[in-house]
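*Asks:* The following block contains a protein sequence and its predicted model.
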Amino acid sequence: MALAAWRLTYRNRLPPEAIERFLARAYSEQRVALRIRRHRVLVAGRASDDGAEWPVEAFAELAVQHDHVQLIALYVIAGLRGNGLGSALLEAVAASFPGRDLAADVLEDNDLAEPFYAARGFTPGEAHTDEVGGAPVRLHRWWLRARG
Ligand SMILES: CC(C)(COP(=O)(O)OP(=O)(O)OC[C@H]1O[C@@H](n2cnc3c(N)ncnc32)[C@H](O)[C@@H]1OP(=O)(O)O)[C@@H](O)C(=O)NCCC(=O)NCCS
């Protein structure tokens, strides 16, 4: 689901070959296994009517750093966006780390993510340049500051 969500999100923002280069490296089976071991990963999905199946339809990946929690990935499967899964994951993340600042690096002009974070109390902070699969990208770090 990460591959599908990623391709859809960035298809008009990054060259296709850069997307595929990035995914081959960052989301290979071995790399995903390593990411799950190293990071905190929360998943969400809707149970089937009989409760027998519970597919992963959204996930959040976090790295706990000394001064804040970094949201490395937050993705909802394409057909299910706008149904509350992203908000539910974000609430679970915030509840897991009370008193800690939360940061998310968002590609400039990601018109799904920017309003989503803004509506949930995040504010845009510092910008930086990085690369994705060899393509230069501009990112903004959005912050949800812990209260108190
Ligand atoms: C950003 C994202 C994680 C939000 O998750 P989500 O489950 O769609 O979020 P929610 O349903 O909880 O809330 C989405 C908001 O968009 C609105 N919305 C309505 N229809 C929507 C749709 N078809 N798609 C997306 N959002 C929609 C919702 O009403 C809600 O608005 P609100 O702020 O006024 O409440 C998800 O859209 C996504 O995976 N985007 C692509 C990946 C991405 O950009 N990730 C962030 C990388 S840093």
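*Replies:* Ah, there it is.

*Asks:* Per-residue confidence, the residue sitting furthest away from the middle of the chain, what does it come out as?
*Replies:* Taking Cα atoms, centre = their mean, the residue of the chain most remote from its mean C-alpha position is residue 50, at 29.4 Å. We have a pLDDT of 88 for residue 50.

*Asks:* if I've got this straight, it is in a strand?
*Replies:* No. Read with DSSP: H, G, I helix; E, B strand; the rest coil, residue 50 is coil and lies in no strand.

*Asks:* Contacts only, for it.
*Replies:* When the contact criterion is Cβ atoms under 8 Å, 6 or more residues apart in numbering, residue 50 has no partners at all. For the C-beta atoms, the positions are set from N, CA and C on the backbone; glycine is no exception.

*Asks:* quick one: it and residue 77, what's the gap?
*Replies:* For residue 50, the distance to residue 77 (Cβ to Cβ, to the nearest Å) stands at 21 Å.

*Asks:* Name the SS class of residue 56, please.
*Replies:* Taking three-state DSSP, the label given to residue 56 is coil.

*Asks:* For the remainder of this discussion, apply numbering that starts at 104.
*Replies:* Sure thing, new numbering starts at 104, so read that last one as residue 159.

*Asks:* mind listing what residue 147 touches?
*Replies:* Residue 147 touches 159-162, 188, 191-192, 195, counting by Cβ under 8 Å, 6+ apart.

*Asks:* With residue 120 instead?
*Replies:* So, once contact is read as Cβ under 8 Å, 6+ apart, residue 120 ends up touching residue 236.

*Asks:* near the ligand at all, the host helix or strand of it?
*Replies:* According to DSSP states H and E, residue 120 maps onto helix 119-129. No. Applying Cβ under 6 Å from any ligand atom, one finds helix 119-129 out of contact with the ligand, separated by at least 13.0 Å.

*Asks:* ditto for stretch 142-154
*Replies:* No. Judged by Cβ under 6 Å from any ligand atom, stretch 142-154 stays clear of the ligand, getting no closer than 8.5 Å.

*Asks:* In contact with the closest residue to residue 135 other than its chain neighbours: list those residues for me.
*Replies:* Computed as Cβ to Cβ, 6 or more residues apart in numbering, the closest residue to residue 135 that is not its neighbour in sequence is residue 105, at 7.3 Å. The contact partners of residue 105, taken as Cβ under 8 Å, 6+ apart, are 130, 135, 162, 176, 178.

*Asks:* Please consider this matter closed, and thank you.
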